[in-house]
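Asks: sequence and predicted structure, then a few things I'm wondering about:
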Amino acid sequence: MTGKARLWSVWWFGGVAIAAALAVLSILSDQAWLRGHPQLAVLFEGARLPAYWAWAIGVYRACDTTLSVWGPLARAGVVAGAVLTALT
């Protein structure tokens, strides 16, 4: 291994972990809001975007230009996911 992570491992292993973490943060935020703790809800919501960006940066760096379609497709997916995460 040359120190650079492979795209598929970052996408799938990291993606599954980040998806689970984002789901938990979203649920915790909703529960905090419903229980009357809006500051805690905002804290949980605020943690979602940096968590996503940590994974997105890993995917972006793992994209290899020699891959015909997967590199640009992964980068487009990361950008689309960032937009959706910021909007929700």
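Replies: Here it is on my side, so go on. Numbers count the residues shown, from 1 in each chain.
Asks: ok, then the element right after the helix ranked longest in the chain?
Replies: Taking DSSP state H as the assignment, the helix of the chain that covers the most residues is helix 38-62. For helix 38-62, the following helix or strand on the C-terminal side (DSSP states H and E) is helix 70-87.
Asks: so what does that following helix touch, helix or strand wise?
Replies: Applying 3 or more C-beta pairs under 8 Å, 6 or more residues apart in numbering; DSSP states H and E, we find helix 70-87 packed against helix 7-9, helix 38-62. (C-beta placed from N, C-alpha, C; glycine too.)
Asks: kindly reformat these as CSV containing distance to residue 27 and mean pLDDT.
Replies: CSV is the format used below for the helices and strands packed on helix 70-87 (distance: least, C-beta to C-beta, whole Å; pLDDT from 0 to 100):
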stretch, distance to residue 27, mean pLDDT
helix 7-9, 27, 80
helix 38-62, 9, 88
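Asks: dump these into TSV; add mean neighbour count and distance to residue 73 as well.
Replies: Shown next, in TSV, are the helices and strands packed on helix 70-87 (neighbours: other C-beta atoms under 10 Å; distance: least, C-beta to C-beta, whole Å):
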stretch	mean neighbour count	distance to residue 73
helix 7-9	14	10
helix 38-62	15	11
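Asks: can I get those in JSON lines including distance to residue 69?
Replies: Output for the helices and strands packed on helix 70-87, formatted as JSON lines (distance: least, C-beta to C-beta, whole Å):
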{"stretch": "helix 7-9", "distance to residue 69": "12"}
{"stretch": "helix 38-62", "distance to residue 69": "15"}
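Asks: can you pull up the most central residue in the chain?
Replies: residue 52 (2.6 Å; C-alpha atoms, centre = their mean).
Asks: which residue is the nearest non-sequential neighbour of it?
Replies: Distances taken as C-beta to C-beta, 6 or more residues apart in numbering place residue 85 nearest to residue 52, at 4.9 Å, with adjacent residues excluded.
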